[in-house]
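Student: Please find the sequence and the predicted model below.
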Amino acid sequence: KHMLNLFRKKPTFGSPLKANTEEIPNVIYKCINFLDRKGYDAEGLFRIPGSAVVVNQYKEKFDRDDDVSLEPLADDVHTVAGLLKLYLRELPEPLCTYDHYDMFVGSMSIPDASIKRQKIKNILEYLPPINYRVIAFLVGYLYRHSRHAGKNLMSSKNLAIIFAPSLMRPRDNSLATQVMDSQESVSYTHLRAHEPGR
């Protein structure tokens, strides 16, 4: 029994990104692959909640074994979207990391949009490689999803509001700080969501 505990898989949810051995964490890859195939026409995706019970069931499955199929969920895109949001929300640190938060917020004061965009790209290159890969993968998907906003009603701005806290938030996570900085976070995500190929 003691030896079995030594080799027990560490939970997927709540573990730092750097603990992953994949290019993209498996749960992110599988959720986005599923939503890419089935979610573009779903009205209010990421805003309308799926089944909390099923989300927690799949969380437990991924915590036990990364080789989890989402296909039994058929077309339940809202539950898969909820699973993706939960994974990102439970990361110990936001994707843009606490150490880079001030730099990202500072870039929001640059008035010229093209210079601001280039500054953000430069800061992104200082992130840990896995953080950069996950941001590129996630934002690329959000951009594709936003192109179907006529059907799904989820514009890049709506998606930005939802995903801003997963992308960047201050280490001091007090409500007051969140309120002061929320617009910068949304602006940053909104900007990135408009960039194809990232």
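Tutor: Right, received. Where do you want to start?
Student: element containing the residue nearest the centre of the chain?
Tutor: By Cα atoms, centre = their mean, the chain has its centre lying nearest to L88, at 5.1 Å. Counting by DSSP states H and E, the element that carries L88 is helix 77-89.
Student: Then F62?
Tutor: Assigned by DSSP H and E, F62 falls in helix 52-64.
Student: And the contacts of that helix?
Tutor: 9, 11-13, 26-27, 68, 70, 73, 76, 79, 82-83, 86-87 (Cβ atoms under 8 Å, 6 or more residues apart in numbering). Any C-beta I mention is one placed from the backbone N, CA and C, and that applies to glycine too.
Student: mind checking how far the residue nearest to the centre of the chain is from D112?
Tutor: Applying Cβ to Cβ, to the nearest Å, the value for L88 to D112 is 30 Å.
Student: Same question for F137.
Tutor: For F137 relative to D112 (Cβ to Cβ), the value is 28 Å.
Student: Tell me which of the two has more neighbours.
Tutor: Using other Cβ atoms under 10 Å, the more surrounded residue of F137 and D112 is F137, with 17 against 9.
Student: what sits against the closest residue to that one other than its chain neighbours?
Tutor: By the measure of Cβ to Cβ, 6 or more residues apart in numbering, the closest residue to F137 outside its immediate chain neighbours is I24, 5.4 Å from it. Neighbour list for I24: 133-134, 137 [criterion: Cβ under 8 Å, 6+ apart].
Student: Now tabulate the residues you listed in TSV and tack on pLDDT.
Tutor: TSV is the format used below for the contacts of I24 (pLDDT from 0 to 100):
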residue	pLDDT
R133	94
V134	95
F137	94
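Student: So which of those belong to helices?
Tutor: Counting by DSSP state H, those place 133-134, 137 in helices.
Student: which one among those gets closest to G150?
Tutor: Closest approach to G150 among the ones in helices among the contacts of I24 (Cβ to Cβ): F137, at 24.3 Å.
Student: So which elements touch the host helix or strand of N122?
Tutor: Per DSSP H and E: N122 is located in helix 113-124. Taking 3 or more Cβ pairs under 8 Å, 6 or more residues apart in numbering; DSSP states H and E as contact, the helices and strands that helix 113-124 lies on are helix 101-107, helix 175-193.
Student: Tell me the buried residues in that helix?
Tutor: Residues 116-117, 119-120, 124 are the ones in helix 113-124 that count as buried (16 or more other Cβ atoms under 10 Å).
Student: quick one: which of those residues is nearest R47?
Tutor: Of these, the one sitting nearest to R47 (Cβ to Cβ) turns out to be I120, at 25.3 Å.
Student: okay, that closest one: pLDDT?
Tutor: Note on I120: pLDDT of 85.
Student: That one is in contact with G106, isn't it?
Tutor: No. The criterion here is Cβ atoms under 8 Å, and I120 misses it with G106 at 10.5 Å.
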